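Participant: let me see the structure of the following:
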Amino acid sequence: MIDFTNAIEEFNNYKGSEKKKTLIYNNKKYLVKFPDPVREKNKNISYINNAFSEYIGSNIFKICGFKVQNTILGKYNYNGKEKIVCACEDFTNNDNILYEFENLALSTNPDKKIETELNDIMEVIEENKMINTEETKQKFWDMFVIDSLIGNTDRHNGNWGFLLNKNTEKVENSPIYDCGSALNPMLEDEEIEKINETELKNLAINSYSCLKENGKKINYMTYIKQMKNASCNKAIKRLFSNIKIEEINKFIDNVEGISTKRKEFYKKIIEKRYEIIKEAYKKYSKGGEL
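Facilitator: Predicted structure coming up:
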């Protein structure tokens, strides 16, 4: 595992909830995410597994064929304590800047505050003339399907977007980034060891997106099972053959620093969600409406 302790540090200018540093490693700039402060009352741990969630979640997107921010799992010694960190390579440069969806939403309709209501997001995509509507919709729903697989509870408007070339004014979808809220990062190994099969199934099914429909957060698996959204259904059709479950499992098995119990938990919870996505795909194959 790479030690980032002696990497060159720059002033940090990145947003987000996690503790972070901006470090230069091998002449490349990285946003390095640290374990987060305790977020839950009476919980005696830090948000310590967000580094694993970031790294594994990002690489699952990569395995499924997405353009993804490069991530490195590493360690950092802070005040005599070794921290597990995830270094996320900065994919912007002097010519290409990140333009997040929340900024697009602000500029599209100045009379309306856009949060995570699905209809509002679709309205912004359809109304804004700076982006390719169909391409952006496809990216959004493709991302939704894989976020459902990894149980990403925090894909809000500030962690996906576009790369804008300042010279050519060309706009393209940015790489996938910020997957730290996937894979139940608040669960300790001791808790995982106590989870039975029924509880594991409930965790897999009761995973909610921060996207809302009619003011309520969308339950990923229920939404996919219902097959009411044609754009989501088409994304399942496009992506299913790219979800290489054996390759995902092999990748998880080879990640350093994670207990065997946690690895098994990751693989099992992903497998249960995969089976639900698979059922939706099979309905399409049998002539269902996708």
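Participant: now the residue most central in space within the chain: how far from Gly257?
Facilitator: The centroid of the chain falls nearest to Cys179 when counting by C-alpha atoms, centre = their mean (3.0 Å). Distance, Cys179 to Gly257, using C-beta to C-beta, to the nearest Å: 17 Å. In this view, the C-beta of every residue, glycine as well, is placed from N, C-alpha and C.
Participant: can you give me the helices in the stretch 51-200 of the chain?
Facilitator: All helices of the stretch 51-200 of the chain, identified by DSSP state H, counting those that start in this stretch, fall at 101-108, 118-127, 133-150, 189-194, 197-205.
Participant: any buried residues in the third one, and which?
Facilitator: By 16 or more other C-beta atoms under 10 Å, the buried positions in helix 133-150 come out as 136-150.
Participant: kindly report the same for stretch 108-127.
Facilitator: Neighbour counts over stretch 108-127 (16+ other C-beta under 10 Å) mark 108, 114, 116, 118, 120-121, 123-125 as buried.
Participant: first vs last residue of that stretch, how far apart are they?
Facilitator: End-to-end span of stretch 108-127 (C-alpha to C-alpha, to the nearest Å): 7 Å.
Participant: what are the contacting residues of it?
Facilitator: Identification of contacts with stretch 108-127 by C-beta atoms under 8 Å, 6 or more residues apart in numbering yields 101-102, 104-106, 128, 131, 133, 136-137, 140, 156-157, 210-213, 215, 218.
Participant: hmm, which helix or strand of this structure has the shakiest average pLDDT?
Facilitator: Sorting the helices and strands of the chain by mean pLDDT, DSSP states H and E puts helix 101-108 at the bottom, at a mean of 92.
Participant: so Asn184 touches Leu200, yeah?
Facilitator: No. Taking contacts as C-beta atoms under 8 Å, Asn184 lies outside contact range of Leu200: 10.4 Å.
Participant: ok, the two, which is more surrounded?
Facilitator: Legend: neighbour count by other C-beta atoms under 10 Å for Asn184 and Leu200, higher for Asn184 (21 against 16).
Participant: and that one, its phi and psi?
Facilitator: Torsion angles at Asn184 (phi, psi; degrees, to the nearest 10) stand at phi 50, psi 60.
Participant: list the contacts of it.
Facilitator: So Asn184 contacts 49, 151, 203, 265, 269 (C-beta under 8 Å, 6+ apart).
Participant: follow-up on the earlier one: what's the angle between the least confident helix or strand of the chain and helix 118-127?
Facilitator: If you take axes from the mean of the first three to the mean of the last three C-alpha atoms, to 10 degrees, helix 101-108 sits at 70 degrees to helix 118-127.
Participant: how about helix 101-108: buried residues?
Facilitator: Result for helix 101-108 [16+ other C-beta under 10 Å]: buried residues 101-102, 104-105, 108.
Participant: and stretch 50-67, by the same measure?
Facilitator: For stretch 50-67, a neighbour-count test (16+ other C-beta under 10 Å) marks 50-64, 66 as buried.
Participant: re the thing from before, from the buried residues of helix 101-108, which is closest to Ala235?
Facilitator: Relative to Ala235, the closest of these is Phe101; by C-beta to C-beta it sits at 17.1 Å.
Participant: correct me if wrong: the closest one contacts Gly158.
Facilitator: Yes. At 7.5 Å, Phe101 counts as touching Gly158 under the criterion of C-beta under 8 Å.
Participant: coming back round to it: can you give me the angle the least confident helix or strand of the chain makes with helix 133-150?
Facilitator: Per the same axes, to 10 degrees, the angle that helix 101-108 makes with helix 133-150 is 150 degrees.
Participant: distance from the chain centre to helix 101-108, please.
Facilitator: Its chain's average C-alpha position is 20 Å from that of helix 101-108, according to C-alpha atoms, centre = their mean, to the nearest Å.
Participant: okay, now Ile97: neighbour count?
Facilitator: Ile97: 13 surrounding residues under other C-beta under 10 Å.
Participant: who does the closest residue to it other than its chain neighbours bridge with?
Facilitator: Among residues not flanking Ile97 along the chain, Leu164 sits closest, at 5.4 Å (C-beta to C-beta, 6 or more residues apart in numbering). On the basis of DSSP bridges, Leu164 is bridged to Ile97, Val171.
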